[in-house]
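Have a look at this prediction, sequence included:
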Amino acid sequence: MAHAIAIPKLGLTMTDCTLRSWEKADGEKVTEGETLYTIETEKITSEIQADRDGYLERAAAVDTVCAVGARIGWLHDTAGAVGRGASATDTASAAPAPIAAPVPADADAGVEAGAAVPLSLRAVAADGTRLLVSPIARRLAATRGMDLSGIVGSGPGGAILRRDVETAAPPARGAAPAPAPAASRASGADPRPVPAPAPAPAAIARDAGDRVAARRPLDGMRRTIAETMMRSLSTSAQMTGFARVDMAEAMRLRAACLASEAEFGVRVTWTDIVLKAAAAALRAVPALNRAIVGDEIVEWACVDIGLAVALDDGLIVPVLRDVDTKSIAEIARERRDLVDRARTGRLRRHEIEGATFTLSNFGSYDGDFETPILQPPQSALLGIGRIADEAVVRDGLVVARPTMMLSLTFDHRLIDGAVAGRFRSKLRAFLEDPMLLAARLR
């Protein structure tokens, strides 16, 4: 039997992905639970495990853009069946309505007969020639006014990828963009027109060559962030309150943790201490650990805190689970592992979903305070600034004390200002007198 390997849907918004690697070779024995291949979506790289034993036959090349449900290979019951694909007697075991299907030899120029090519790669050039082009490359070419027929693809089956468009010569200044072909279903051509580039703003259009350093499509992670942030602001009543915290005692706590670094096996950061204090404050003021879901107010039983991690061109929020039940050392170890894997693109889907609250440390880039935007459907997000000496009055004297600003954004539809104030006060108490956390340090 040939059991189809199909691209899984890992999130509600996932429509396609890029196949980044195969972990097994053709004909190699695969054991259920082993990592079989990796895919990259708009946010993360995910390792996909085999759901059964078998012998691998690959049908899609690395760097192929595949739609959800696309059949990219098979697992055969016997080694001798490798190379046959799915036989007529095996169709019942194949993925239903696969999006990547064998393409006839004459359907797309440059495609090997019988190769599995995702339909999302098909496009039409200005001269009506049918091509293979990734969605990102198609949008980029349209933005630049480039004719796809003049670009040589380096992808599987000659598919044009983003790198091919980026390295291709742009059209001469003043040249008109290539017109979209009038394709029709009757002719067998792809009926979807190639989108025309958006008109440039007047200021840019006057002297584009001198004023524009580069252009690229708003896609991938950047598009996801843009859409999420706008949706957050338009669907909730966000308000931000601030509080100043004296961090002198927290500094002593961190010094004690650093002295035990060898025992802990990890270096404790300010973020770890604030994560612990925030989790304790959420238990003390559970109204902030709630969300509006549909027509209901949901209060979460767990304290799962998302931690905003900056990437080269975006942001990702891995989630630390049950933070209130863990020691500072345990939090530090989990935080370091998640951040390391976030920055190398090795997080799995479940590790970026389900946070009930979020922490953003803009003090790491010398920020004092900001007004962070909520991560839907959460109702509260805490931002922490840098720690800096400040002149304050203590016992009638002006002294220098290390202080930090807290920025708490909350959804005013669900959380009243007084409730948010209680949370800030409780959090400040935990940070200014860490002995209050002693029973929670286990």
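Right, received. Where do you want to start? Residues are numbered from 1 along each chain as shown.

Quick one: residues contacting Trp300.
Applying CB atoms under 8 Å, 6 or more residues apart in numbering, we find Trp300 in contact with Asn289, Arg290, Ala291, Thr356. From N, CA and C alone the C-beta is placed, and that goes for glycine too.

Leu161: what's it in contact with?
Contacts of Leu161 (CB under 8 Å, 6+ apart): Asp63, Ser134, Ile136, Ala137, Gly153, Ser154, Gly155.

Name the member of those with the most neighbours.
Ala137 (29 neighbours; other CB atoms under 10 Å).

Export the one helix or strand that residue maps to to CSV, keeping only CA atoms.
If you go by DSSP states H and E, Ala137 is part of helix 135-144. What follows is helix 135-144, C-alpha atoms only, in CSV (Å, rounded to 0.1, in the frame of the first residue of the first chain):
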residue,chain,number,x,y,z
PRO,A,135,2.9,33.3,-5.0
ILE,A,136,5.6,35.5,-3.4
ALA,A,137,7.5,35.7,-6.7
ARG,A,138,4.3,36.5,-8.6
ARG,A,139,3.4,39.4,-6.3
LEU,A,140,7.0,40.7,-6.3
ALA,A,141,7.2,40.6,-10.1
ALA,A,142,3.8,42.4,-10.4
THR,A,143,5.0,45.1,-7.9
ARG,A,144,8.1,45.7,-10.0
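
so where is the stretch 101-250 of the chain shaky, pLDDT-wise?
By pLDDT under 70, the low-scoring segments of the stretch 101-250 of the chain are 101-130, 135-136, 156-157, 169-210, 220.

Try it again at 90.
101-236 (pLDDT under 90).

Can you show me the helices along this structure?
Remark: helices assigned in the chain by DSSP state H are 135-144, 162-167, 202-206, 208-211, 220-235, 248-259, 261-264, 270-284, 328-343, 417-432.

circling back: for the helix holding Ala137, buried residues please.
Buried residues in helix 135-144, defined by neighbour count with 16 or more other CB atoms under 10 Å: Pro135, Ile136, Ala137, Arg138, Arg139, Leu140, Ala141, Ala142, Thr143, Arg144.

Packing partners of that helix?
Packed against helix 135-144, as judged by 3 or more CB pairs under 8 Å, 6 or more residues apart in numbering; DSSP states H and E, are the following elements: helix 162-167.

elements contacting the helix it packs on?
Under the contact criterion of 3+ CB pairs under 8 Å, 6+ apart, helix 162-167 touches helix 135-144.

which one of the contacts of Trp300 is nearest Asp272?
Among the contacts of Trp300, Thr356 lies closest to Asp272 (CB to CB), at 18.4 Å.

re the thing from before, for Thr45, which of the helices of the chain is the nearest?
Of all the helices of the chain, helix 328-343 comes closest under CB to CB, at 9.4 Å.

Next, the angle from the longest strand seen in the chain to helix 248-259.
In the chain, taking DSSP state E as the definition, the longest strand is strand 397-411. For strand 397-411 against helix 248-259, the angle by axes from the mean of the first three to the mean of the last three CA atoms, to 10 degrees is 80 degrees.

So what's the gap between strand 397-411 and the chain middle?
Chain-centre distance of strand 397-411: 31 Å, with CA atoms, centre = their mean, to the nearest Å.

so what does it touch, helix or strand wise?
Strand 397-411 packs on strand 238-246, helix 248-259, strand 380-384, strand 388-394, helix 417-432, going by 3+ CB pairs under 8 Å, 6+ apart.

which one of the ones you listed has the most crowded surroundings?
Of all the helices and strands packed on strand 397-411, strand 380-384 carries the top mean neighbour count, a mean of 26, counting by mean count of other CB atoms under 10 Å.

and it, C-alpha only, in CSV?
The C-alpha trace of strand 380-384 is given here as CSV (Å, rounded to 0.1, in the frame of the first residue of the first chain):
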residue,chain,number,x,y,z
ALA,A,380,-3.9,42.3,29.0
LEU,A,381,-0.2,42.8,28.0
LEU,A,382,2.6,44.0,30.2
GLY,A,383,5.6,46.0,28.9
ILE,A,384,8.7,46.5,31.0
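
Can you list the buried residues in the longest strand of the chain?
Pro402, Thr403, Met404, Met405, Leu406, Ser407, Leu408, Thr409, Phe410, Asp411.

Against Leu253, how distant is Ala237?
Ala237 is 36 Å from Leu253, where distance means CB to CB, to the nearest Å.

ditto for Val62
On the measure of CB to CB, Val62 and Leu253 end up 48 Å apart.

hang on, the earlier thing: what's the mean pLDDT across the longest strand of the chain?
What strand 397-411 shows for mean pLDDT is 94.

Just give the strands next to it in its sheet, each with its orientation.
strand 238-246 (antiparallel), strand 380-384 (antiparallel), strand 388-394 (antiparallel) (DSSP bridges).

Residues touching the shortest one, excluding its own?
Outside strand 380-384, the residues within contact range by CB under 8 Å, 6+ apart are 270-271, 274, 278, 288-289, 357-363, 369-375, 404-411, 415, 420, 423, 427.

Switch the strands paired with strand 397-411 over to JSON lines; also include distance to Asp340.
Converted to JSON lines, the strands paired with strand 397-411 look like this (distance: least, CB to CB, whole Å):
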{"stretch": "strand 238-246", "distance to Asp340": "28"}
{"stretch": "strand 380-384", "distance to Asp340": "21"}
{"stretch": "strand 388-394", "distance to Asp340": "28"}
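
so which of the ones you listed comes closest to Thr15?
strand 380-384 (27.8 Å).

and the angle from the closest one to helix 270-284?
Using the same axes, to 10 degrees: strand 380-384 against helix 270-284 is 150 degrees.

isn't Arg428 right up against Phe242?
No - the pair Arg428 / Phe242 is not scored as a contact, 11.1 Å apart, by CB atoms under 8 Å.

Find the residues that touch each one of the two.
Contact criterion CB under 8 Å, 6+ apart; residues shared by Arg428 and Phe242: Leu406.

The helices and strands packed on strand 397-411: lowest mean pLDDT?
When I compare the helices and strands packed on strand 397-411, strand 388-394 is least confident, with a mean of 88.

what about the closest residue to Leu311 other than its chain neighbours, distance to Leu10?
Distance criterion CB to CB, 6 or more residues apart in numbering; nearest residue to Leu311, sequence neighbours excluded, is Arg343 at 6.6 Å. Arg343 is 20 Å from Leu10, where distance means CB to CB.

neighbour count winner among the two?
Neighbours per residue (other CB under 10 Å) separate Arg343 from Leu10, with Leu10 holding more: 19 against 14.

State the distance from the residue nearest to Asn289 when sequence neighbours are not counted to Gly385.
Closest residue in space to Asn289, ignoring its immediate chain neighbours: Leu282 at 4.7 Å, by CB to CB, 6+ apart. Noted for Leu282: a distance of 20 Å to Gly385, by CB to CB.
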